[in-house]
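1. make a model of this:
(chains A, B, C and D)
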Protein chains: 4
Amino acid sequence: MADIHYHDYLQLDKILNAQHPESAGKNISAHDEMLFIIIHQAYELWFKQLHHEADSISAIMRKPAVNDNSPELQTVVHRLHRMAVILRVLIHQIDILETMTPMDFLDFRDLLRPASGFQSWQFKLLEAKLGLKFEYRHGKEYYTSQLRQEHIDLIKHAESQYSFLQLVNDWLERMPTAPPPPGKNLVKEQALPEESWEQFDFWTTYKQAYSTSLAEAEKNNLDAFDEVFFQQKETHYTLSAGANRAALFIMLYRGYPLLQLPFQLLNNLLEIDEQLSTWRHRHMNMVHRMIGTRIGTGGSSGKDYLKAAADKHYIFKEIAQLTSFLIERRRLPQLPKQVERKLGFNNE
Amino acid sequence: MADIHYHDYLQLDKILNAQHPESAGKNISAHDEMLFIIIHQAYELWFKQLHHEADSISAIMRKPAVNDNSPELQTVVHRLHRMAVILRVLIHQIDILETMTPMDFLDFRDLLRPASGFQSWQFKLLEAKLGLKFEYRHGKEYYTSQLRQEHIDLIKHAESQYSFLQLVNDWLERMPTAPPPPGKNLVKEQALPEESWEQFDFWTTYKQAYSTSLAEAEKNNLDAFDEVFFQQKETHYTLSAGANRAALFIMLYRGYPLLQLPFQLLNNLLEIDEQLSTWRHRHMNMVHRMIGTRIGTGGSSGKDYLKAAADKHYIFKEIAQLTSFLIERRRLPQLPKQVERKLGFNNE
Amino acid sequence: MADIHYHDYLQLDKILNAQHPESAGKNISAHDEMLFIIIHQAYELWFKQLHHEADSISAIMRKPAVNDNSPELQTVVHRLHRMAVILRVLIHQIDILETMTPMDFLDFRDLLRPASGFQSWQFKLLEAKLGLKFEYRHGKEYYTSQLRQEHIDLIKHAESQYSFLQLVNDWLERMPTAPPPPGKNLVKEQALPEESWEQFDFWTTYKQAYSTSLAEAEKNNLDAFDEVFFQQKETHYTLSAGANRAALFIMLYRGYPLLQLPFQLLNNLLEIDEQLSTWRHRHMNMVHRMIGTRIGTGGSSGKDYLKAAADKHYIFKEIAQLTSFLIERRRLPQLPKQVERKLGFNNE
Amino acid sequence: MADIHYHDYLQLDKILNAQHPESAGKNISAHDEMLFIIIHQAYELWFKQLHHEADSISAIMRKPAVNDNSPELQTVVHRLHRMAVILRVLIHQIDILETMTPMDFLDFRDLLRPASGFQSWQFKLLEAKLGLKFEYRHGKEYYTSQLRQEHIDLIKHAESQYSFLQLVNDWLERMPTAPPPPGKNLVKEQALPEESWEQFDFWTTYKQAYSTSLAEAEKNNLDAFDEVFFQQKETHYTLSAGANRAALFIMLYRGYPLLQLPFQLLNNLLEIDEQLSTWRHRHMNMVHRMIGTRIGTGGSSGKDYLKAAADKHYIFKEIAQLTSFLIERRRLPQLPKQVERKLGFNNE
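-> The predicted model follows:
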């Protein structure tokens, strides 16, 4: 085996020779263009890593059944957590770009047109893989309007595939939880065997408890409850009623061993959405600070687009909203012994 | 002099005995209520410190003339910077509260009604002192609706006083910069003596250069230029046309010694606004994660109010927008020698 | 139920009136003394919260048997994680104190003697509760030399009790893992029933695999292996050989459901130690930057003491060192089917 | 001008195709090797940026005289600040690597030998440029022992050049401050014209005031005072007595306009040293957590080397120690009017 050297292993000849400021070629003094290049390269490197993680966890979740007795779910949870940690650093990294003042940026800004961060296909591809649907994109077609065909194709392909959120939906539907209330014509394959429930109609009981917990001004939450967990008259959902029921069940009874990792998984999705949200927010503020009401190098109206996207692009919002349907732990229905046993370890 | 002990000096008997969870008195198990109390107390301590800084810099800026040859301006810059550093930690602190899950919060949430973080008068008072005007408040009267009269009085008093932003306005108006263009009937007391300018009509020249720099789609920025720097037909401004001209001049020529600290001052205001903005954004996301669409303990609709406030409450936005009127450094009008001398040191 | 108001609930009259700068009483101008007081009060508030968490998890771990099928272990893991998150903010908070320059500190430093951060009994008590033994303290008696008797008593009491690390030791000893190698006269109560192992001598096999993995220069690690996992000729350990074996087993086979939370628990201990280490390091640098080689207000030689303590006070170092004894995942001994079943869920 | 596209401008074809895990070629499953590669590439990108900044400020400081009336000094201060901001992100980035567990690292660790982060020549080159002298390196020759000749040459060349710290020394010596005490045979070219001082023997007066400020246990600081500011019997200093006097004078009288930026410059050097120190510390802890007492892939004993380097490699320690020689602001000698005028603006 030939000796490996750090410099070659990391291909630093490539990495460290990939900075070619436009200003240099034009003999214009623009010290900060180097920063501008390097920070975007660093972002793209990390986006590649985020794809590496996202692809790996989708591959696991795409299996017909995630094996609860294997490390698979743990691996998914661990890598989602890593993605959140990476996103935190990416947010922090904005601090560096903010040391570039608007006047410093003007030194080279016009040289870049029409290049623009808006052409970062890796970020858009990541959103698509995770589950941001085309029809929820702010401005619809607009987001791919400046990309190359090869990159548009990658994104369109991802949108045509099962997203991570859809895989989560299917996994939730398979989770062993409570059967749907009798009379409701709902899939039940995800339920723990009915005999375990000993005739206990969990969902009717829970809905009753939830109803009691509502303040006067919150009473219409009860309609939302039915919509989300049973009817789904609207059609824009990614998560089915059954998946929603399983996710809520996990949040409520996360203390049982079998539900601990699933709870961490859901929680990590919310964490990632929150980091993405903060990233978009800070990015928007930074662009506003840099160019004010001028139009971006890519021709976008800058802040306005970013603001609309930031307000709208919550990928896992269907999970986030389930928080509205929790009740106090001390009012939770007690689960039948049989069910408790199924949610625990083999250690009797 | 009696010996001082750390424990007494910090009055730890008071500080460490000021946590009385409601759940304890009611024999309800709610481990996380302690966290909820302590984090809010930590926030309020830091708000007090922010007031300490804000009051001290307002006192300096309120003097008839800030002495450029004293450390006064440097002190203002330094303390604004400290305020931004504190705000960063306050943002980070949200991470701690987010380790409380919605179910953990439900354990004690109903016990607190109608208490609510919305009753933090110190934060609202800080906004008022810095320059958030009553008429810009989202929901107008609403923001004081749950406060005690004594705290409402403090805020109303602050709103009736000169805010820090108004003090900045007056200080900017006194800054020695270029005289207004001839024919415009504008105050000029802030200008460097006209003879220094050797007949050079800076603002007409600058407007010409700015006009040239605009892309086709940006041409209506020229009307905005006139509005902001000369006409101000609208009346909602805190910064006068003269103050805006001075602020832009500082941004453009920050390289001259006399303008270095003023530039840092303006920059720190933008930094503070950005930190406040991120704080509001993360606070909103956190509340949404915690209570979903349920109404807050204080009866607010939670996320919606916070979102509207976050979108609207940029205290220093008039300064931020000046970025739209910058031009490239290499196209800046050359200042007359006399002016350059006035902007420099005594060291010939 | 009487209405609760935020201001009373948080006892803000107490909290916000507990700042009495010495300089104010002496008519000395020292603007930054307020910061000095408030930051230390914020630290002490958070230390109180850390005690709240530490006490709660010790109470759980002190039970004769942590119930694997209850949320207990999950709660321990969650609160350890929260402690690490709090410590991160406490480290970040040093940034605020560093906005105080040495000259600003000198304005009031002499007024405080002999008060000193060294008199923070809550921090020392926390170290003791977690498991820093008296005999490992740098300077031994010194660390309590400036405390009041009542606080010394608290610390001495904590040192006389079972520390969290000792509770971890006992819990590890009860963990179901592999039986010790035959012939070694070792406790085995923690092992999975011997019949599950089907005669498989795990530890002898593992030691062989470990030996093979060592580079020439690492060969004496094998003696360390025997010492740590079997002999323990030295007597200063908190973790027994059996506990060490269980901890290593957890690290190696964390993929099995039953070992997932135990792995997270161990990992969180290392995370806490690392945060504490960074806290001590940054605190030391900050003190050095503030007072140089002057002696501290408490009479300590400042940096030197802090440096020695930072180098020495790793509370969970016995767990950290186990990393030295891992081998590659693909060379791990395959566990017997019976054992695998015991480490998994009831879901056949 | 041809249109520029983001993807080409950033050379993403190069950047995103420079990751070739060793494990992939050997068909070994090691998911985290990608992370390992990407994080090191991100580090090296940022090191390049740090060099870009360091080179640019050295070029400015190398001029025979920094023009106080130009933006030059401001530029130096600004870029030093940026370097500190970058270092903060690099420290934060360690969080990402810590999501890789020791077992995950073992999956590919042996494939990398003898490559090692120890072969990062850019970091060592940066230390050399800033002012870490060869004779202060821990282990002397050792630090270049694994580098390629071309990279050793770069470092040796940098060590043979004037470092940034030496440039700071020369700049300090030229700063207009107080003349040395009469009778001491010291360079005085940096002093403000003697007539400005009106016979006021600043340094003798200051030494007297300093002496009074010392506690009994600090009395030998007076010898240190003489050594640092007048005698320098030892020879290992980079900063001359004159430079030290100027630096102390700046710290003491930073309130005067002419000294404001110089103070910020010195403060930023301490900030950079502190960030580097924290980086080394966390790096050391991270390596320890990852490999324990095993030897590193590069054959180093890992933690021990890193610990010794972290303890020793404070580049700007001669500036940091000046803190020991400050006195309270209210006891500072009043400067003669003439001197005050020279330290201020032209605005009478």
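2. strands along chain A, start to end?
-> For chain A, no strands are identified by DSSP state E.
3. by mean pLDDT, flag the weakest helix or strand of it.
-> helix A:303-312 (a mean of 81; mean pLDDT, DSSP states H and E).
4. chain center to it, what's the gap?
-> 17 Å (Cα atoms, centre = their mean, to the nearest Å).
5. tell me what that helix is packed against?
-> helix A:257-291 (3 or more Cβ pairs under 8 Å, 6 or more residues apart in numbering or on different chains; DSSP states H and E). (Each C-beta comes from the backbone N, C-alpha and C, glycine too.)
6. could you check the angle helix B:257-291 makes with the helix it packs on?
-> Interaxial angle of helix A:257-291 relative to helix B:257-291 (axes from the mean of the first three to the mean of the last three Cα atoms, to 10 degrees): 150 degrees.
7. what's the distance between helix A:257-291 and the middle of its chain?
-> Relative to the chain's own centre, helix A:257-291 is displaced by 7 Å; criterion: Cα atoms, centre = their mean.
8. can you list the neighbours in contact with the least confident helix or strand of chain A?
-> For helix A:303-312, the surrounding residues in contact (Cβ atoms under 8 Å, 6 or more residues apart in numbering or on different chains) are A:136-139, A:142, A:277, A:280-281, A:283-284, A:287-288, A:293.
9. quick one: buried ones out of these?
-> Among the contacts of helix A:303-312, the ones that count as buried by 16 or more other Cβ atoms under 10 Å in any protein chain shown are A:Tyr136, A:Arg137, A:His138, A:Ser277, A:Arg280, A:His281, A:His283, A:Met284, A:Val287, A:His288, A:Thr293.
10. run through the residues you listed and flag the ones next to chain B.
-> Checked against chain B using Cβ under 8 Å from any Cβ of the partner chain, the buried ones among the contacts of helix A:303-312 yield the following neighbours: A:Ser277, A:His281, A:His288, A:Thr293.
11. ok, the last one - contacts?
-> The neighbours of A:Thr293, taking Cβ under 8 Å, 6+ apart as the test, are A:Gly302, A:Lys303, B:Asn221, B:Ala224, B:Gln321, B:Ser324.
12. now, of these, which are buried?
-> When these are checked for burial by 16+ other Cβ under 10 Å, the buried set is A:Gly302, A:Lys303, B:Asn221, B:Gln321, B:Ser324.
13. list phi and psi for the residue in the stretch 101-250 of chain A that chain C sits nearest to.
-> Nearest residue of the stretch 101-250 of chain A to chain C: A:Pro176, at 7.7 Å (Cβ to the nearest Cβ). For A:Pro176, the backbone dihedrals (degrees, to the nearest 10) come out as phi -80, psi 100.
14. near the nearest residue to it once chain neighbours are set aside, how many other residues are there?
-> Nearest residue to A:Pro176, sequence neighbours excluded (Cβ to Cβ, 6 or more residues apart in numbering or on different chains): A:Leu192, at 4.4 Å. Neighbourhood size, A:Leu192 [other Cβ atoms under 10 Å in any protein chain shown]: 22.
15. in this structure A:Ile327 contacts B:Leu106, no?
-> Yes: counting by Cβ atoms under 8 Å, B:Leu106 is a contact partner of A:Ile327 at 6.9 Å.
16. the more surrounded of these two?
-> Neighbours of A:Ile327 and B:Leu106, each counted by other Cβ under 10 Å, are more numerous for B:Leu106; the result is 22 against 18.
17. ok, now which ones touch A:Gln264?
-> The contact partners of A:Gln264, by Cβ under 8 Å, 6+ apart, come to A:Val77.
18. how far away is it from A:His78?
-> Using Cβ to Cβ, to the nearest Å, A:Gln264 is found at 9 Å from A:His78.
19. what stretches of chain A score poorly on pLDDT?
-> Applying pLDDT under 70 to chain A flags residues A:1-2, A:68-69, A:140-142, A:183-191, A:295-302, A:346-348.
20. how about the residues of it by chain C?
-> Contact residues, chain A versus chain C (Cβ under 8 Å from any Cβ): A:68-71, A:74, A:176, A:254-258, A:260-261, A:340-342, A:344-347.
21. which among the buried ones among the contacts of A:Thr293 gets closest to C:Val89?
-> Among the buried ones among the contacts of A:Thr293, A:Lys303 lies closest to C:Val89 (Cβ to Cβ), at 30.6 Å.
22. excluding chain neighbours, what is closest to that closest one?
-> Spatial nearest neighbour of A:Lys303, excluding adjacent residues (Cβ to Cβ, 6+ apart): A:His288 at 4.4 Å.
23. I figured the one you found hits B:Ser324, correct?
-> No: applying Cβ under 8 Å as the test, A:His288 and B:Ser324 come out as separate, 9.7 Å apart.
24. mind listing what A:Tyr6 touches?
-> Applying Cβ under 8 Å, 6+ apart, the residues near A:Tyr6 are A:Leu12, D:His40, D:Ala115, D:Ser116, D:Gly117, D:Phe118, D:Gln119, D:Ser120.
25. now, which of those residues sits nearest B:Leu270?
-> Distance ranking of the contacts of A:Tyr6 against B:Leu270, using Cβ to Cβ, places D:His40 first at 34.7 Å.
26. does the closest one touch A:Leu10 like I think?
-> Yes: in this structure, D:His40 is within contact of A:Leu10 by Cβ under 8 Å, at 5.3 Å.
27. when those two are compared, which one has more neighbours?
-> More neighbours surround A:Leu10 than the other of D:His40 and A:Leu10, with 25 against 19 (other Cβ under 10 Å).
28. got the phi/psi numbers for the more buried one?
-> In terms of degrees, to the nearest 10, the main-chain angles of A:Leu10 are phi -90, psi 0.
29. phi and psi next, for A:Asn17.
-> Per-residue torsions, A:Asn17: phi -120, psi 30 (degrees, to the nearest 10).
30. any idea how far C:Ser196 is from it?
-> Going from A:Asn17 to C:Ser196 by Cβ to Cβ gives 58 Å.
31. who's more crowded, those two?
-> More crowded of A:Asn17 and C:Ser196, by other Cβ under 10 Å: C:Ser196, with 20 against 11.
32. nearest residue to the more buried one other than its sequence neighbours?
-> Leaving aside its chain neighbours, C:Ser196 sits nearest to C:Gln338 (4.1 Å; criterion: Cβ to Cβ, 6+ apart).
33. cool, and A:Tyr256?
-> Spatially, and ignoring its direct neighbours in sequence, A:Tyr256 is nearest to A:Leu343 (3.7 Å; Cβ to Cβ, 6+ apart).
34. surely the one you found meets A:Tyr253?
-> Yes: assessed by Cβ under 8 Å, A:Leu343 is found in contact with A:Tyr253 at 7.2 Å.
35. joint contacts of these two?
-> A:Leu259, A:Leu335.
36. circling back to that earlier point, restricting to C-alpha, output the least confident helix or strand of chain A in PDB.
-> Taking Å, rounded to 0.1, in the frame of the first residue of the first chain, the C-alpha atoms of helix A:303-312 are listed here in PDB:
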ATOM      1  CA  LYS A 303     -34.800  40.400  -0.200                       C
ATOM      2  CA  ASP A 304     -38.400  40.100  -1.300                       C
ATOM      3  CA  TYR A 305     -37.900  36.700  -2.900                       C
ATOM      4  CA  LEU A 306     -35.800  35.500   0.100                       C
ATOM      5  CA  LYS A 307     -38.400  36.700   2.500                       C
ATOM      6  CA  ALA A 308     -41.300  34.900   0.800                       C
ATOM      7  CA  ALA A 309     -39.300  31.700   0.500                       C
ATOM      8  CA  ALA A 310     -38.300  32.000   4.200                       C
ATOM      9  CA  ASP A 311     -41.900  32.400   5.200                       C
ATOM     10  CA  LYS A 312     -43.200  29.500   3.100                       C
END
